[in-house]
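Visitor: Let's see this in three dimensions:
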Amino acid sequence: MNDELSIVDFSTEYRGDFKRLNIAWISKYFSVEPHDLEQLDDPEHYIIGPGGYVLFAKINDRVVGTVALVPVSEGVYELAKMAVDEAFQGRRIGKKLGEALLARAREIGAHRIFLESNRRLTPALTLYERLGFREVPLVPTPYARADIRMEMML
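Guide: Purely as a prediction, here's the structure:
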């Protein structure tokens, strides 16, 4: 069986996958917070409507990963809600999602991207570093679990 990976843009048919994939990892390590549910329940309003993007990784017809590019201010975006189905981890899907997201950010003229994460998520932090993100001082955040902030200038 040829497991061909494709990266696709948000479609309403994937809304449930966006929530499913993110609830799985968040609830495994932390508690799902109100700000999570805002974005996961209504990505069209909180992410896409203001000028952001949600990308999905698909293998054949199955959605196995996702990531969002959330607009914050002119040219500044947040990489958020990156998740890969546990059954498909270790296949560089997160790396491909991250690269696709950065390519999209460059296409739309972003000049800075930041993310907030947690130091317990070592594989994720390693991926972010490999993509080019560097740790910066933490600023106030809506996420109780966030204890590290990373950013990249494009």
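Visitor: would you put the C-alpha positions of the element among helices and strands of the chain having the smallest mean pLDDT in CSV?
Guide: Using mean pLDDT, DSSP states H and E, helix 34-41 stands out as the lowest-scoring helix or strand of the chain, at a mean of 94. Taking Å, rounded to 0.1, in the frame of the first residue of the first chain, the C-alpha atoms of helix 34-41 are listed here in CSV:
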residue,chain,number,x,y,z
PRO,A,34,-11.4,27.7,27.0
HIS,A,35,-9.2,29.3,24.4
ASP,A,36,-8.5,25.9,22.9
LEU,A,37,-12.2,25.2,22.5
GLU,A,38,-12.9,28.6,20.9
GLN,A,39,-10.4,27.9,18.1
LEU,A,40,-11.2,24.2,17.8
ASP,A,41,-15.0,24.6,17.7
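Visitor: And that helix, what does it pack against?
Guide: Secondary-structure packing of helix 34-41 (3 or more Cβ pairs under 8 Å, 6 or more residues apart in numbering; DSSP states H and E): helix 15-29, strand 76-84. Backbone N, C-alpha and C define where each C-beta goes, glycine included.
Visitor: as a whole number, average confidence for the last one?
Guide: What it means is strand 76-84. Averaged across strand 76-84, the pLDDT comes to 97.
Visitor: The longest one too?
Guide: Averaging pLDDT along helix 15-29 yields 97.
Visitor: okay, the angle between the longest strand along the chain and helix 15-29?
Guide: Ranked by residue count, the top strand of the chain under DSSP state E comes out as strand 62-73. Strand 62-73 and helix 15-29 are oriented at 80 degrees to each other (axes from the mean of the first three to the mean of the last three Cα atoms, to 10 degrees).
Visitor: For Leu121, see how far away Ile48 is.
Guide: 25 Å (Cβ to Cβ, to the nearest Å).
Visitor: winner for burial among the helices and strands packed on helix 34-41?
Guide: strand 76-84 (a mean of 22; mean count of other Cβ atoms under 10 Å).
Visitor: which residues are in contact with that one?
Guide: By Cβ atoms under 8 Å, 6 or more residues apart in numbering, the surrounding residues in contact with strand 76-84 are 18, 21-22, 24-25, 39-40, 47, 52, 54, 57, 64-72, 93-94, 97-98, 101, 105, 110-116, 124, 128, 133.
Visitor: ok, now with 6 Å
Guide: Residues outside strand 76-84 that contact it (Cβ atoms under 6 Å, 6 or more residues apart in numbering): 21-22, 25, 65-72, 93-94, 105, 110, 112-115.
Visitor: Sounds good, over and out.
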